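Trainee: Mind folding the following:
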Amino acid sequence: MSRERLIAHAAHALVWSIALVYLSGHIATYDLWAYLSQGKLIWETGAVPRADTDSYLPTGPWVCHNWLVSALTYPLFMAGGGAAARGLTLALMVGTLALAYRAARLHGASALVTLLVVALAIPSFSVGAMPFRPAMVSFLFVALLLAWLRCGRAWGWMPALFVLWVNLHAGVLIGLVLLGLWTAASWREPATAKKLAIITTASAAATLINPYHVRYWRMVWEILGDPNKDITEWQPVAWFTNNYPEFQILVFLTLSILLVSRERDPRVWLALALLAFAGARQIRQIPLFAIGVATLLPPAVERWMAGLRRRWPGVEMPLLKRAVPVGALALAALVFGLWLRSEPWRLRVPGRPNPGGLYYPVGGVEFLKRNGLGGNLALYFPWGEYAAWKLHGQCRVSADGRHVTVFTRDAVDCSFDFSLGREGWQRLLTNYPTDYALVPRDWPREKELVDSLKWKQLYTDRGCALYARPERTRGSFALPASADEGVFP
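Mentor: Numbers count the residues shown, from 1 in each chain. This is a model prediction of the structure:
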């Protein structure tokens, strides 16, 4: 094997082993329980969801934009459990990067340069690596769309792609905007622009082929105009602070490379600007920019490095060329071993606070189940989907992560005020027929709940506390065996 091929293989091993560590995730994300509930509902009723049955708060018509993902993944997750959820996450996330890598290579970038850019993009891309989210389908489709646009291939399949996309995830909007911008920026090639304009129009019309038709896009418009910033991942990036520095650094590196390489293609500039704007406006969109960088930036880096080689053609470091592949392979083996040691087939459902910050009221929910306590349950907003899945048919819950796609604005506001202990927190308990309250152990309104409203504590552990109205506290109760870890699904 030649030295160049050995270096390339070593670089591949190192970059993709790092990708495994960054992109696998190990704690079930809050929304994952909603996809299980939605999938179960679809399989039981044989129809797409249109009205909520798990909450006691006011709801509107439900537009379940990821209905097809839920229907497809529900039997997979029920059969394969946590291993299936993490496996699908890895397949989609690593597959997206592999597709971006392939598109860059086809456009003239070398393997080493492309791998370098992919490695730089991985930390920002990992912002979306939480098992499992339908947004990962949008990640894959954005990479595929960019690959087709960049290479000028398979354009006739785009309307079909958008029919599938619109039924899988509402991220189809970014695909339409990206396609429209690429079309507009192709004005220097009239024949190409005309063809793309026809394809863009057909793709936009194709998105109406969904169970909700025009109402789907009304839902998207409502989400875009929603002023609520209580959900962290919906917040914008705070520039020049320690708020997602990997994204900020990647934006400045990308701009610098485009300038020094003298990139003249307006389509590349506009596409990357759009994806950078999306990531800056909403933290959850940061991975989209990483995909754009991995797909579109390597050719620019290749041109810049080619210029450097022409300026300094005599620089040779034979010792470094021998040491680099050996060191890279050794490091790749170490990283891969650490990844295996983390039990990548196991999905954790922690029941107490941890350094990752994401945990569940495992003990409180198990207490309700074990004692057969039914009724209306107010709870910390991020826990809504977990409780709805675990207590389906036993308790109805307050608002959850489906947000304004299901609930009225007042229901969402009441739920957030209660969850965060803000002024007006008691409205969820007094304005609606609430029987129980399940909150984090350090919830700031605990004393007022007990002293002013006279609610009684039924259960507590290191992660959560369960309270009930006085009339719901009669009798004796059995405690759950353990609250440290739950089981998926």
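Trainee: ok, now which ones touch Gln426?
Mentor: Contacts for Gln426 (C-beta atoms under 8 Å, 6 or more residues apart in numbering) come out as Phe418, Arg445, Glu448, Leu453. Bear in mind the C-beta positions are built from the backbone N, C-alpha and C, glycine included.
Trainee: what's the first one in contact with, if anything?
Mentor: Contact analysis of Phe418 by C-beta under 8 Å, 6+ apart lists Ala378, Ser398, Trp425, Gln426, Arg427, Leu428, Leu429, Ala437.
Trainee: again, 10 Å this time
Mentor: Phe418 makes contacts with 378-381, 398-399, 424-429, 434, 437, 439, 443, 445, as judged by C-beta atoms under 10 Å, 6 or more residues apart in numbering.
Trainee: Equivalent analysis for the third one, please.
Mentor: For Glu448, the contacting residues are Gly421, Trp425, Gln426, Trp455, taking C-beta under 10 Å, 6+ apart as the criterion.
Trainee: Cross the residues you listed against strands and list the overlap.
Mentor: Taking DSSP state E, every one of the contacts of Glu448 sits outside strands.
Trainee: For the stretch 201-350 of the chain, just list every one of the helices.
Mentor: With DSSP state H, counting those that start in this stretch applied, the stretch 201-350 of the chain shows helices at 214-224, 245-260, 266-281, 286-296, 298-311, 318-341, listed in chain order.
Trainee: any idea which of these is most buried?
Mentor: helix 286-296 (a mean of 28; mean count of other C-beta atoms under 10 Å).
Trainee: buried set for stretch 45-60?
Mentor: Within stretch 45-60, the residues scored as buried using 16 or more other C-beta atoms under 10 Å are Val48, Pro49, Asp52, Asp54, Ser55, Tyr56, Leu57, Thr59, Gly60.
Trainee: does the first one count as helix, strand or coil?
Mentor: It stands for Val48. Following DSSP: H, G, I helix; E, B strand; the rest coil, we place Val48 in the coil state.
Trainee: Does it touch Ser70 like I think?
Mentor: Yes - at 9.4 Å, Val48 counts as touching Ser70 under the criterion of C-beta atoms under 10 Å.
Trainee: Quick check: neighbours shared by those two?
Mentor: Common contact partners of Val48 and Ser70 (C-beta under 10 Å, 6+ apart): Gln38, Leu41, Ile42, Cys64.
Trainee: quick one: low-confidence parts of the stretch 201-350 of the chain?
Mentor: 227-229, 312-324 (pLDDT under 70).
Trainee: at 80 instead, please
Mentor: Applying pLDDT under 80 to the stretch 201-350 of the chain picks out residues 225-231, 306-328.
Trainee: isn't there a helix covering Ala79?
Mentor: Yes - checked against three-state DSSP, Ala79 lies within a helix.
Trainee: residues contacting it?
Mentor: Neighbours of Ala79 in contact, by C-beta under 10 Å, 6+ apart: Pro489.
Trainee: Relative to Ala85, how far out is it?
Mentor: The spacing between Ala79 and Ala85, counted by C-beta to C-beta, to the nearest Å, is 11 Å.
Trainee: what's the answer for Leu41, then?
Mentor: Counting by C-beta to C-beta, the gap from Leu41 to Ala85 is 19 Å.
Trainee: for Thr434, same thing?
Mentor: 32 Å.
Trainee: show me where the stretch 51-200 of the chain has helices.
Mentor: Along the stretch 51-200 of the chain, counting by DSSP H, counting those that start in this stretch, helices occupy 67-106, 111-125, 135-151, 158-168, 172-184, 190-206.
Trainee: and the fifth one, what other elements does it pack with?
Mentor: This points to helix 172-184. Other helices and strands packing on helix 172-184, by 3 or more C-beta pairs under 10 Å, 6 or more residues apart in numbering; DSSP states H and E, are helix 135-151, helix 158-168, helix 190-206, helix 214-224, helix 266-281, helix 286-296.
Trainee: Just the C-alpha atoms of that helix, please, in CSV.
Mentor: Provided in CSV are the C-alpha atoms of helix 172-184 (Å, rounded to 0.1, in the frame of the first residue of the first chain):
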residue,chain,number,x,y,z
VAL,A,172,-39.2,20.3,4.3
LEU,A,173,-39.6,24.1,4.5
ILE,A,174,-35.8,24.7,4.6
GLY,A,175,-35.5,22.4,1.6
LEU,A,176,-37.9,24.5,-0.4
VAL,A,177,-36.2,27.7,0.5
LEU,A,178,-32.8,26.2,-0.3
LEU,A,179,-34.0,25.0,-3.7
GLY,A,180,-35.6,28.4,-4.4
LEU,A,181,-32.4,30.3,-3.5
TRP,A,182,-30.3,27.9,-5.6
THR,A,183,-32.6,28.5,-8.6
ALA,A,184,-32.4,32.3,-8.2
